[in-house]
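S.K.: A structural model of the following input is requested.
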Amino acid sequence: MISWHRLFGLALVDYFAGSPWNVELETDLSLKQQFLDVIIVRRDQGTFSGRLPDGLEDLSDYNLLSYKSLREPLDDWVLKELTGHYVNYRKHVITSRDSLLPEEAFRLYGVSTRFPQKLAGQVHLEPRQPGVYQLRRGTDQIRIVVLNEVAEEAHNSIWHLFSAVPERVRRMAAAYRPRSRDSSTLLNQLFENYQLEGIAMPYTMEDFRRDFTREHLHLLTSEERLKGLSLNQIRDYLARLQERREQDPVTQESAPADSS
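M.R.: Model prediction:
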């Protein structure tokens, strides 16, 4: 069984690393174990560094997420479970006065790789923006995020990594900005999961490392760029560069040093 739910949660752990929110995984909310995929909890004051993904712009203090991968349906039963988890979790989070926190302190999210067609035939999904819908259940509001529909922009890279659209995954893996030391392991597992699902992914960890290095090369000093290169490697590179200039004197741009 591919652990898509845990991988999705670990990606959000990385995404919110160093921010005012903390991410909890597979929280046990009952005597009979029933796990909620992800809870994003505000741990201190402050704002998130950067632009949050579509659908998460207005995070509250406690944000409960139920996630469904490519082969799983986000249906009415899943949302019933999510509402039940919310009730249990709200009872767990008690203030010093032994009173429940206000409903405004909580938000509910159903996150799905693909559009929940069956659910849309049963309830009204109000579009808010591409890939983001609002659903009302009684007095509760549930935000629905469809990962393969959200706008293909850099701030949505965390969503598109789980969109199961190979070209989008490739482009967004290149755009993704790691926030913790475990990012490379996370992306490795993500690509392996896609392979196990039979989805060809034209992108590897080596591609990711190379793209990331290229995009951040300008931040390094000359000494940092040359670190690890031998004198002979530097001489060979300069010789090749001079040869190219002599062959094409119009082109005066130089490429960054490499380790070949």
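
S.K.: any idea how far L190 is from E246?
M.R.: Distance from L190 to E246, counting by C-beta to C-beta, to the nearest Å: 45 Å. The way it works is simple: take the backbone N, C-alpha and C, and place the C-beta from them, glycine included.

S.K.: where in the stretch 51-200 of the chain is pLDDT low?
M.R.: 95-98, 181-184 (pLDDT under 70).

S.K.: re earlier: and L190 and E246? which has more neighbours close in?
M.R.: Taking neighbours as other C-beta atoms under 10 Å, L190 and E246 compare with L190 leading, 22 against 8.

S.K.: quick check: the more buried one touching L10?
M.R.: No - using C-beta atoms under 8 Å as the test, L190 is too far from L10 to be in contact (9.4 Å).

S.K.: quick check: L125 vs R136, distance?
M.R.: 10 Å.

S.K.: looking at the two, which one has more neighbours?
M.R.: A side-by-side neighbour count of L125 and R136, using other C-beta under 10 Å, places L125 first with 18 against 11.

S.K.: which residues touch that one?
M.R.: 116, 119, 133-135, 144 (C-beta atoms under 8 Å, 6 or more residues apart in numbering).

S.K.: let's see that with 10 Å instead.
M.R.: 115-116, 119, 132-135, 142, 144, 146 (C-beta atoms under 10 Å, 6 or more residues apart in numbering).

S.K.: S49: which of the residues you listed is nearest?
M.R.: Nearest to S49 out of these is V132 (C-beta to C-beta; 21.8 Å).

S.K.: for the closest one, grab phi and psi.
M.R.: phi -130, psi 130 (degrees, to the nearest 10).

S.K.: bridged to it, which residues?
M.R.: Q129, V145 (DSSP bridges).

S.K.: let me see the backbone angles for the spatially most central residue of the chain.
M.R.: By C-alpha atoms, centre = their mean, the mean C-alpha position of the chain lies nearest to I158, the distance being 2.2 Å. Backbone geometry at I158, expressed as degrees, to the nearest 10, gives phi -60, psi -40.

S.K.: all strands of the chain, in order?
M.R.: Using DSSP state E, the strands of the chain run over 21-28, 35-42, 62-68, 106-112, 126-129, 132-137, 140-146.

S.K.: D76 is nearest to which of the ones you listed?
M.R.: Using C-beta to C-beta, the strands of the chain put strand 132-137 closest to D76, at 9.2 Å.

S.K.: next, the angle strand 140-146 makes with that closest one.
M.R.: Strand 132-137 and strand 140-146 are oriented at 150 degrees to each other (axes from the mean of the first three to the mean of the last three C-alpha atoms, to 10 degrees).

S.K.: what sits up against strand 132-137?
M.R.: So strand 132-137 is contacted by 53-57, 76, 79-80, 82-83, 108, 110, 115-116, 119-120, 123-128, 141-146, 149-151 (C-beta under 10 Å, 6+ apart).

S.K.: cutoff 7 Å now
M.R.: 54-55, 79, 83, 123, 125-128, 141-145, 150 (C-beta atoms under 7 Å, 6 or more residues apart in numbering).

S.K.: in it, what's buried?
M.R.: Of the residues in strand 132-137, 132-133, 135 count as buried by neighbour count, 16 or more other C-beta atoms under 10 Å.

S.K.: just the residues you listed now: which is nearest Y237?
M.R.: V132 (48.2 Å).

S.K.: could you measure from that closest one over to A154?
M.R.: V132 is 17 Å from A154, by C-beta to C-beta.

S.K.: residue contacts, W21?
M.R.: 40-43, 59.

S.K.: which residues does it form beta bridges with?
M.R.: According to DSSP bridges, beta-bridge pairing links W21 with R42.

S.K.: just the one 4 residues further on next, same as before
M.R.: Taking DSSP bridges, one finds V38 as the beta-bridge partners of L25.

S.K.: tell me the contacts of it?
M.R.: 6, 9, 38.

S.K.: hmm, which of the residues you listed is lowest in pLDDT?
M.R.: Sorting these by pLDDT puts R6 at the bottom of the list (86).
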